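# Fold the following.
(one chain, ligands or ions: 1)
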Amino acid sequence: MNTGSSLPRDSFSTKFGVIAAAAGSAIGLGNIWRFPYETGVNGGGAFLVIYLLCILIIGLPVMISEFLIGRSAQRNPYGAFKLLAPGKPWYLIGLMGVLAAFMILAFYTVVAGWTLEYIYQSFMGSLKGKDPVQLKQMFDNFRYDSYRPVLWFAIFIILTGWVVIAGIKNGIEKYTKILMPLLLLMLISMAVYVLTLPGASAGLEFLFKPDFSKITPEVILKALGQAFFSLSIGMGTLITYGSYIKKKENLSGTALSVVGFDTFIAVLAGIAIFPAIFALTSVENFDVTRLADEGLVFITLPSILYSVPGGQILSTMFFILLAVAALTSTISVLEVIVTYFVEELKLVRRKATIVAVGSVSVLGVLSVLFTGVFSFLNFTSANILLPLGGFFIVLFVGWFLSRKVTQDELTNNGTVRARMLPVYLFLVRFIAPIAIAIVFLYGLLN
Ligand code: PFF
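Coordinates of the predicted model:
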């Protein structure tokens with residue numbers, strides 16, 4: 001489609017670049033920190049089944065829709081809806097995305113800051129020789145301290161802003177290409193190792209054997225929210241990235257790869273963590289339920305890592321890799337706000353970034369100091385704003401956007417076959433919006 005846009009547009013140079021950037025956004029604390037504790041508090045295997053269903057019938061179609069909106073409009077989400085639906089209120093989806101970006105950054109960067117504290121503590125050797133009870137105590141002491149978490153938060157948000165100003169290609173992209181595969185390797189090794197621990201099978205059973213009596217409307221809502229959060233969809237992040245994808249790339253294939261990687265990493269994190277919890281439980285007689293909260297990763301993983309020789313190095317390495325994974329995600333969230341400021345409010349990139357970082361910091365400090373604010377931002381952004389955004393995005397493509405635009409984008413103007421097109425259209429027109437609406441209404445009313 002010819003957008004008639006006069007905006008100069010950058011683009012990803014290779015197919016690998018697109019997948020790496022989108023996967024970098026998707027893979028992060030959502031997979032390794034949030035997925036395990038959400039699974040833990042929401043019933044284990046049953047939550048996983050619902051989560052996978054949400055990914056497949058809702059997440060994938062929403063991701064393809066975001067890519068195609070972005071690529072056809074070549075704009076930030078707000079501008080994209082203004083261009084594709086002139087005079088209609090669809091641009092509100094773009095604004096809601098900017099709001100969601102503020103909220104996510106304000107709590108996500110707090111957790112990203114925790115990873116910096118744990119790099120420091122691992123490096124200094126202070127996690128050495130501690131049992132899970134002591135590690136939990138340590139985590140709580142740190143989290144409810146007011147000064148250190150604020151400091152780490154500030155460092156992380158400034159780091160994010162710095163990368164966003166400097167541009168992605170020459171810095172972060174170069175390092176993530178090495179560090180993300182390393183994270184994968186480390187997670188795989190950890191998963192394999194914990195499977196050898198006594199009591200591991202109970203953990204696997206918890207993760208993979210669904211007990212459907214655990215499913216409530218709230219659990220389903222949370223699985224849906226986790227799917228949106230983990231895939232970075234529902235707020236226009238991937239509309240923004242889609243606007244940088246070249247016309248020759250295959251959008252549905254790209255989405256499928258990103259969804260596949262993201263899901264694989266989340267399940268892998270689960271395999272590394274749940275058997276470990278149960279192994280620790282059997283050894284320490286420790287109450288599992290007390291672990292299933294935001295501290296989960298920060299307690300179980302050091303415990304596992306320190307049970308092998310070289311634990312101090314392994315733990316330092318793990319938290320460095322986790323921080324990098326978090327950084328490639330915070331960059332993509334900040335990018336949503338900055339692109340909006342630049343294209344719609346006509347700020348220069350540097351100023352846009354400074355204003356964004358400054359305002360996120362106000363909310364971020366509140367979320368460090370008040371757990372209630374943190375939980376509110378975490379719950380509301382993932383379980384409400386993102387699914388709501390996704391609902392309108394699929395409605396837009398399914399019922400409003402011309403069929404020709406959709407078809408042209410998914411077949412690259414008729415040059416590639418899109419065999420799944422009818423399935424995709426059926427999902428975006430009926431299944432995805434109806435499913436989101438039902439989950440939403442039941443989840444919130446119950
Ligand atoms: N998907 C990221 C994660 O799983 O850590 C978090 C995230 C990034 C959410 C970007 C939303 C977003 F737009």
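# contacts and neighbour counts: CA atoms only from here.
Noted.
# do the helix or strand of the chain with the lowest mean pLDDT and the ligand meet?
Least confident helix or strand, the chain: helix 172-195 with a mean of 84, by mean pLDDT, DSSP states H and E. No - contact check for helix 172-195 against the ligand, using CA under 6 Å from any ligand atom: none in range, with a minimum separation of 13.1 Å.
# So which residues of the stretch 201-350 of the chain form helices?
In chain order, the stretch 201-350 of the chain shows helices spanning 217-231, 237-242, 251-284, 296-305, 311-344, 349-369, with DSSP state H, counting those that start in this stretch as the criterion.
# which stretch among those helices comes nearest the ligand?
In this view, these are compared for proximity to the ligand by CA to the nearest ligand atom, and helix 217-231 is the closest at 3.5 Å.
# for stretch 381-389, how far is the first residue from the last?
Stretch 381-389 has its terminal residues 10 Å apart, counting by CA to CA, to the nearest Å.
# what does that stretch rub up against?
93, 96-97, 100, 103-104, 221-222, 224-226, 228-229, 233-235, 436, 440 (CA atoms under 8 Å, 6 or more residues apart in numbering).
# hmm, back to that, so what does the least confident helix or strand of the chain touch, helix or strand wise?
Helices and strands in packing contact with helix 172-195 are listed as helix 15-26, helix 251-284, helix 311-344; criterion 3 or more CA pairs under 8 Å, 6 or more residues apart in numbering; DSSP states H and E.
# List the contacts of it.
Outside helix 172-195, the residues within contact range by CA under 8 Å, 6+ apart are 20-21, 24, 163, 200-201, 265, 268-269, 271-273, 275-276, 304-305, 318, 321-322, 324-325, 328.
# coming back round to it: got TSV for the helices and strands packed on helix 172-195, with distance to the ligand and mean neighbour count too?
Converted to TSV, the helices and strands packed on helix 172-195 look like this (distance: least, CA to the nearest ligand atom, whole Å; neighbours: other CA atoms under 10 Å):
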stretch	distance to the ligand	mean neighbour count
helix 15-26	4	22
helix 251-284	8	21
helix 311-344	5	23
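# and the protein, which residues reach the ligand?
Counting by CA under 6 Å from any ligand atom, the residues of the chain near the ligand are 25-31, 229-233, 235, 237, 329, 332-333.
# rerun at 8 Å
25-32, 34, 101, 104, 108, 228-238, 262, 325-326, 329-330, 332-333, 336, 382 (CA under 8 Å from any ligand atom).
# Show the average pLDDT along stretch 49-65.
Averaging the model's pLDDT scores along stretch 49-65 yields 98.
# Could you do stretch 403-420 as well?
Model confidence over stretch 403-420 averages 94 on the pLDDT scale.
# do the same with stretch 381-394
Averaged across stretch 381-394, the pLDDT comes to 97.
# chain center to that stretch, what's the gap?
Relative to the centre of its chain, stretch 381-394 is centred 14 Å away, using CA atoms, centre = their mean, to the nearest Å.
# Can you mark which positions in it are buried?
In terms of neighbour count (16 or more other CA atoms under 10 Å), stretch 381-394 has its buried residues at 381-394.
# Where does pLDDT dip in this protein?
In the predicted model of the chain, residues 1-9, 167-174, 281-292 satisfy pLDDT under 70.
# picking up where we left off before, nearest to W399, out of the helices and strands packed on helix 172-195?
Set against W399 and scored by CA to CA, the helices and strands packed on helix 172-195 come closest in helix 251-284, at 19.2 Å.
# Could you name the helices and strands sitting against the closest one?
Here helix 251-284 is seen to pack against helix 15-26, helix 35-41, helix 60-73, helix 172-195, helix 200-208, helix 217-231, helix 296-305, helix 403-411 when contacts are counted using 3+ CA pairs under 8 Å, 6+ apart.
# Most tightly packed of these?
Taking mean count of other CA atoms under 10 Å as the contact definition, the stretch among these with the greatest mean neighbour count is helix 60-73, which reaches a mean of 27.
# ok, G260 - contacts?
So, once contact is read as CA under 8 Å, 6+ apart, G260 ends up touching nothing.
# typo on my end, it should be V394
61-62, 65, 428-429, 432-433.
# Could you work out the most separated pair of those residues?
Farthest apart among the contacts of V394 by CA to CA are S65 and P433. That separation is 12.6 Å.
# A46 touches F206, doesn't it?
No - with contacts counted by CA atoms under 8 Å, A46 stays clear of F206, the gap being 9.1 Å.
# Quick check: neighbours shared by those two?
With the criterion set as CA under 8 Å, 6+ apart, the contacts of A46 and F206 do not overlap.
# residues in contact with G295?
Taking CA under 8 Å, 6+ apart as the test, what G295 contacts is 136, 139-140.
# and the closest residue to D408 other than its chain neighbours, helix, strand or coil?
Using CA to CA, 6 or more residues apart in numbering and skipping the chain neighbours, the partner closest in space to D408 is G414 (6.2 Å). On the three-state scheme (DSSP: H, G, I helix; E, B strand; the rest coil), G414 is labelled coil.
# how about G414, phi and psi?
Backbone geometry at G414, expressed as degrees, to the nearest 10, gives phi 80, psi 10.
# Look at it and say how many residues are nearby.
Applying the criterion other CA atoms under 10 Å, we find 11 residues in the vicinity of G414.
# Over to N412?
N412: 18 neighbours (other CA under 10 Å).
# for V428, what are its contacts?
Applying CA under 8 Å, 6+ apart, we find V428 in contact with 61-62, 394-395, 397-398.
# Assess the claim that F123 and Q312 are in contact.
Yes - at 6.6 Å, F123 counts as touching Q312 under the criterion of CA under 8 Å.
# Now do the shared contacts for those two.
Common neighbours of F123 and Q312 are not found (criterion: CA under 8 Å, 6+ apart).
# so the helix or strand G161 falls within versus helix 172-195, what angle?
Counting by DSSP states H and E, the secondary-structure element that holds G161 is helix 147-166. With axes from the mean of the first three to the mean of the last three CA atoms, to 10 degrees defining the directions, helix 147-166 sits at 140 degrees from helix 172-195.
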